[in-house]
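*Asks:* What follows is a predicted structure for the sequence shown.
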Amino acid sequence: MKKYDYLIVGAGLFGAVFAYEMQKRGKKCMVVDRRDHKGGNIYCEDIHGIPTHRYGAHIFIQIIKKYGITSINFVK
């Protein structure tokens, strides 16, 4: 039987980042998820070469900085 320091239920944003950070610190993690992909609700799939958000649009600061977007208007 393998031994793990952490059992992480859910490979979404928190679970994936937590497992990554613990692995960097020498810990062993087992991550389980009912979905067939990593990333939870921020998962993107490739549709005809275009990364497409499967569970709705998400905006991240890195994308904004990369493309030089300086103003975003949100419609309520």
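*Replies:* That came through fine.

*Asks:* C-alpha from now on. contacts and neighbour counts both.
*Replies:* Noted.

*Asks:* Can you show me the strands along the chain?
*Replies:* Ranges of strands in the chain, per DSSP state E, are 6-9, 29-32, 44-47, 50-53.

*Asks:* Tabulate those (a markdown table), appending mean neighbour count.
*Replies:* Shown next, in a markdown table, are these (neighbours: other CA atoms under 10 Å):
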| stretch | mean neighbour count |
| --- | --- |
| strand 6-9 | 14 |
| strand 29-32 | 15 |
| strand 44-47 | 13 |
| strand 50-53 | 12 |
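
*Asks:* Can you check which of those gets nearest to residue 19?
*Replies:* When the strands of the chain are compared by CA to CA, strand 29-32 sits nearest residue 19, at 6.1 Å.

*Asks:* re earlier: any chance of the strands of the chain in JSON lines, with distance to residue 21 and mean pLDDT too?
*Replies:* What follows is the strands of the chain, written out as JSON lines (distance: least, CA to CA, whole Å; pLDDT from 0 to 100):
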{"stretch": "strand 6-9", "distance to residue 21": "12", "mean pLDDT": "96"}
{"stretch": "strand 29-32", "distance to residue 21": "10", "mean pLDDT": "95"}
{"stretch": "strand 44-47", "distance to residue 21": "22", "mean pLDDT": "86"}
{"stretch": "strand 50-53", "distance to residue 21": "25", "mean pLDDT": "82"}
